[in-house]
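S.K.: Provide a 3D model corresponding to the input given below.
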Amino acid sequence: MKLRRVLLGVLLTGAAGAGLVVLRPGLGLSAWRLAGRALHHARLGFVEADGERVAILEVGSGPPLVLVHGLRGESVVMLPLAARLAARGWRVICIDLPGHGHSPDPKRPVDIGRAARVVRDVIRELGLERPPVVGHSLGGWITAWLALEEPGTVGPVGLVASAGLPFEPPPWPELLPRTTAEARRGLRLLFADPPPRVPAPLLWFASKRRVATSLDLLRSVLSGRYLLDGLLPGMAVPALVVAGEEDHIVPLPAAREMAAEIPGHRIEVVPETGHMLVIEAPDRVAEILDRFLREAGAATGTEVPVEARERAGS
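M.R.: Okay, here's the model as predicted:
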């Protein structure tokens, strides 16, 4: 019941725009994004990154923390987690990769390496000093690649339901649904306990987001060029793997294998959650990340928020 409320009330906040989407998908998507921003008091801005105009959503104030969404995701999907982290004292910056969310289509194709450069340039354009970066799913892969390529750009990193090692991906239609039926089948991949009845208009609405850049990213995944196996032992910044116990896209053994290759061998498993644990259990994921980033910050000199008691006292 809780997941159904979260899914319908947050991830698909567009219940208010569901009627619009039937006639005007673009208008409905805009309404959903506006509702999500209003619900979480998110501030929309744009920066230039690797020659692209890139949208960011900011929530909260305090030391910066960057969030990177996954395949065909966007910053609005990350807002439930962002809001929980902001409540813990972080200024959370959610990036819309080119061709996703509020960001316009890219001028040239985006692969894993280029996506990492986009994140790097957003950090530089905002004047951030080695902020923590947390990526979900493919965003975790992008985050890990950035940390390996340019460790001086980022602080500690969180890899949530992160791909990056060799694995057998699900069928494309379930990863990148284009119809209501495909979106409905895809729910079983995303959630540990999919809600039994999601209204068809909402699934159709969810399937109408842009897909071209996600296809480019998926092709770069399948090329094998950016695989992380053999590279992760060289991770020079503290890293934490966060996994859903019942993830059907990046199974738990793959997450454990990834953590075992990273110095420190840090992994947290969230029970009774799937690939979208950022939606199923945002409070628990925020708690795990906040604790890790505070501990890692003390070890690396990364700025972290003051403790809650200190904030209340001040």
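
S.K.: correct me, but L215 touches L175?
M.R.: No. The criterion here is CB atoms under 8 Å, and L215 misses it with L175 at 10.0 Å. Backbone N, C-alpha and C define where each C-beta goes, glycine included.

S.K.: lowest-confidence helix or strand of the protein?
M.R.: helix 308-313 (a mean of 42; mean pLDDT, DSSP states H and E).

S.K.: Which helix or strand contains R294?
M.R.: Using DSSP states H and E, R294 sits in helix 282-300.

S.K.: And that helix, what's buried?
M.R.: Within helix 282-300, the residues scored as buried using 16 or more other CB atoms under 10 Å are 282, 284-290, 292-294, 296-297.

S.K.: and what of stretch 219-228?
M.R.: 220-221, 226-228.

S.K.: in the stretch 151-300 of the chain, which spans are helices?
M.R.: For the stretch 151-300 of the chain, the helices defined by DSSP state H, counting those that start in this stretch occupy 172-175, 180-190, 200-206, 212-223, 252-261, 277-280, 282-300.

S.K.: Least reliable of the ones you listed by average pLDDT, please.
M.R.: Sorting the helices of the stretch 151-300 of the chain by mean pLDDT places helix 200-206 lowest, at a mean of 63.

S.K.: where exactly do the strands run in the protein?
M.R.: All strands of the chain, identified by DSSP state E, fall at 43-49, 52-59, 64-68, 91-96, 133-136, 157-160, 239-244, 267-270.

S.K.: any residues touching the helix holding R294, and which ones?
M.R.: Helix 282-300 has contacts (CB atoms under 8 Å, 6 or more residues apart in numbering) with 65, 80-81, 83-85, 87-88, 90, 132, 134, 155-156, 158, 160, 237-238, 240, 242, 266, 268, 270, 273, 277-278, 302-305.

S.K.: Next: stretch 218-231.
M.R.: The contact list for stretch 218-231 (CB under 8 Å, 6+ apart) reads 71, 111-113, 138, 141, 144-145, 148, 163-166, 169, 172, 175-176, 258, 261.

S.K.: Count the residues that sit near the nearest residue to R114 once chain neighbours are set aside.
M.R.: Spatial nearest neighbour of R114, excluding adjacent residues (CB to CB, 6 or more residues apart in numbering): D50 at 6.5 Å. Other residues within reach of D50, judged by other CB atoms under 10 Å, total 19.

S.K.: Then the one 10 residues further on?
M.R.: Here the count is done by other CB under 10 Å, and G60 has 24 residues near it.

S.K.: Hmm, C94 and it touching each other?
M.R.: No. G60 is beyond contact range of C94, at 11.0 Å (criterion: CB under 8 Å).

S.K.: any common contacting residues for those two?
M.R.: A82.

S.K.: quick one, what contacts the spatially most central residue of the chain?
M.R.: The centre of the chain sits closest to H69, judged by CA atoms, centre = their mean, with a distance of 2.6 Å. With contact taken as CB under 8 Å, 6+ apart, H69 is in contact with 75, 77-78, 94-97, 100-101, 135-137, 139.

S.K.: Export the residues you listed as CSV, with columns for pLDDT and neighbour count.
M.R.: What follows is the contacts of H69, written out as CSV (pLDDT from 0 to 100; neighbours: other CB atoms under 10 Å):
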residue, pLDDT, neighbour count
S75, 95, 30
V77, 91, 25
M78, 96, 33
C94, 98, 26
I95, 98, 30
D96, 97, 26
L97, 97, 31
H100, 93, 29
G101, 91, 26
G135, 98, 32
H136, 98, 30
S137, 95, 25
G139, 97, 28
